[in-house]
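# Here is my input, please return the structure:
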Amino acid sequence: MSKQNKSKISRRSFLQITAGAAVLSGVSLPEKAVAGQKQQLSTIIDLSLCDGCVDRKIPACVNACKTINKDKIPKVIEPIPEPWPRKTIEDWSKKQEVFNRLTPYNFIYVHKAEVTVEGKKKTIYVPRRCMHCDNPACATICPFSANHKFENGAVVINQNQCFGGAKCKDVCPWEIPQRQSGVGIYLHVMPGFMGNGVMYKCDLCFDRLKQDKLPGCVEACPREALLIGTKNAIEKVAFERARRMSGYIYGKTQNGGTSTIYVSPVSFEEINKTMTRQPGQPDMKTDVKRRMASTDPLAKAVLAAPVLGLATAGIAGVWNWFSRRKDKVRKEEQGNG
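Numbers count the residues shown, from 1 in each chain. Here you go, the predicted model:
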């Protein structure tokens, strides 16, 4: 692909890019598929096309994401207050260059899977980031409404409201959100007692979506392995691609359904065998059940905990501030969804 043609691709609208994929798959698309409209978007990650950008030091999707979000996190306060009762501090501010796992400064990475298919060795590259679930438990569990599922499909953490309690990470089947201590609103409320930083993850380039721009990873991919469009259209394209390659789908049913659909010529059971679940490097189990119902009692518990802490400290005014913030966020969600 020439540099001139690649330049044209990077400026296509959501409709044009998804339509191009649809033509190859024989699937028709709606007239409009832009982020500014109130319709849910999804992405395809086609593992038959991703080559891991082996000719680059950093994969193009990872580099684009890092560039877009390089100034997202405020300067970390030093020394970082030691949280109570757990004394764990998570500080990635001096390791921002890391790109082989998820961190607060790295929202996407590419896993290399060496598999054997019909007796032949095959290498599959798997970009990993937030799945943007259809019914995200992480958004349900957040006691301060810092985590939201917007109408366009993006699940977004508002760093100006997050206390870094990591409940979102606890209920995420893939443990996607990552914490950076020493930043955030907790420093101005009860540092060392209430909170431990801010949780960060892919937000589907939410600000770019509002400007009808492509997410950085989609725009940067030199092989168009990542595409974005309306959820219905993307799912049709994904299933047609899977049919044509006698392949497999991931993300349609996992955790109750997601806005990220993987297509692969190799089964995800085989891909998952190459993954050792560890911090910042999620596995890819296929039997991920929807966890919304199980989070309801936990949600009530974590909602009660801040209230008790604030009452004990005699700063109920802060709670009132959060109530106003929650109302404001709901209005913003209605206006920007």
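
# which ones are touching D51?
D51 sits next to Y125, R223 when contact means CB atoms under 8 Å, 6 or more residues apart in numbering. From N, CA and C alone the C-beta is placed, and that goes for glycine too.

# Name the SS class of it, please.
coil (DSSP: H, G, I helix; E, B strand; the rest coil).

# Would you mind measuring from it to V117?
Separation of D51 from V117 (CB to CB, to the nearest Å): 17 Å.

# Not counting sequence-adjacent ones, nearest residue to N147?
A139 (4.5 Å; CB to CB, 6 or more residues apart in numbering).

# So for the one you found, what's the pLDDT?
At A139, the model reports a pLDDT of 93.

# tell me the SS of the residue nearest the centre of the chain?
Closest to where the C-alpha atoms of the chain average out (CA atoms, centre = their mean) is C130, at 2.3 Å. In three-state terms, and counting by three-state DSSP, C130 is coil.

# Equivalent analysis for E219, please.
E219 - assigned by three-state DSSP - is helix.

# That one and A64 touch, don't they?
Yes - the pair E219 / A64 is scored as a contact, 6.7 Å apart, by CB atoms under 8 Å.

# Help me confirm that K149 comes into contact with P136.
Yes - with contact defined as CB under 8 Å, K149 counts as touching P136 (5.4 Å).

# If you count surrounding residues, which of those two has more?
P136 (26 against 21; other CB atoms under 10 Å).

# my read: the more buried one touches N147, true?
Yes - the criterion here is CB under 8 Å, and P136 meets it with N147 at 7.5 Å.

# Identify the contacts common to these two.
Applying CB under 8 Å, 6+ apart, one finds that P136 and N147 are jointly contacted by V155.

# hmm, back to that, and the residue nearest to N147, how many neighbours does it have?
Around A139 there are 21 residues (other CB under 10 Å).

# Identify the residues contacting it.
When contacts are counted by CB under 8 Å, 6+ apart, A139 is found next to N147, H148, K149, V155, C168.
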